[in-house]
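Undergrad: sequence first, predicted coordinates after that:
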Amino acid sequence: MPNQFECSECGFMVRSENDDELIEFVQQHADDAHQMQVAPDDVRAGWESVEMGASN
């Protein structure tokens, strides 16, 4: 099941079935958009599991 993370600062959202990929995207976004460093555990604490339908 994929996980989804939404940035509380700007609404950026990313969804992936690969946890490592999701963490990488969130960390890159935090650095590029907000000049912040985010630990992998913080990303894990902030994501939610979602279902992806056939149209996603």
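TA: Yes, it's here.
Undergrad: which parts of the chain are helices?
TA: Using DSSP state H, the helices of the chain run over residues 19-34, 40-46.
Undergrad: can you count the residues close to Ala39?
TA: For Ala39, the count of nearby residues is 10 (other C-beta atoms under 10 Å). In this view, the C-beta of every residue, glycine as well, is placed from N, C-alpha and C.
Undergrad: for it, give its distance to Ser16.
TA: Distance, Ala39 to Ser16, using C-beta to C-beta, to the nearest Å: 18 Å.
Undergrad: same thing with Ala45?
TA: On the measure of C-beta to C-beta, Ala45 and Ser16 end up 16 Å apart.
Undergrad: for these two, indicate the residue with more neighbours.
TA: Ser16 (18 against 8).
Undergrad: poorly predicted segments of this protein, please.
TA: 53-56 (pLDDT under 70).
Undergrad: if we use 50, what do you get?
TA: 56 (pLDDT under 50).
Undergrad: pretty sure Ser44 contacts Asp20?
TA: Rather than Ser, residue 44 is Arg. No. Arg44 lies out of contact with Asp20 (C-beta atoms under 8 Å); the separation is 11.0 Å.
Undergrad: settle it for me: which of the two has more neighbours?
TA: Neighbour count, other C-beta under 10 Å: between Arg44 and Asp20, Arg44 has more, with 14 against 9.
Undergrad: how about the contacts made by the more buried one?
TA: 19, 23 (C-beta atoms under 8 Å, 6 or more residues apart in numbering).
Undergrad: next: Glu51.
TA: Glu51 neighbours (C-beta under 8 Å, 6+ apart): 1-2.
Undergrad: and the residue nearest to Ala33 when sequence neighbours are not counted, how far from Asp32?
TA: Of all residues not flanking Ala33 in the chain, Cys10 sits nearest, at 6.4 Å (C-beta to C-beta, 6 or more residues apart in numbering). Cys10 is 11 Å from Asp32, where distance means C-beta to C-beta.
Undergrad: kindly report the same for Pro40.
TA: 17 Å.
Undergrad: between the two, which has more neighbouring residues?
TA: Set side by side, Pro40 and Asp32 show more neighbours around Pro40, with 14 against 10, by other C-beta under 10 Å.
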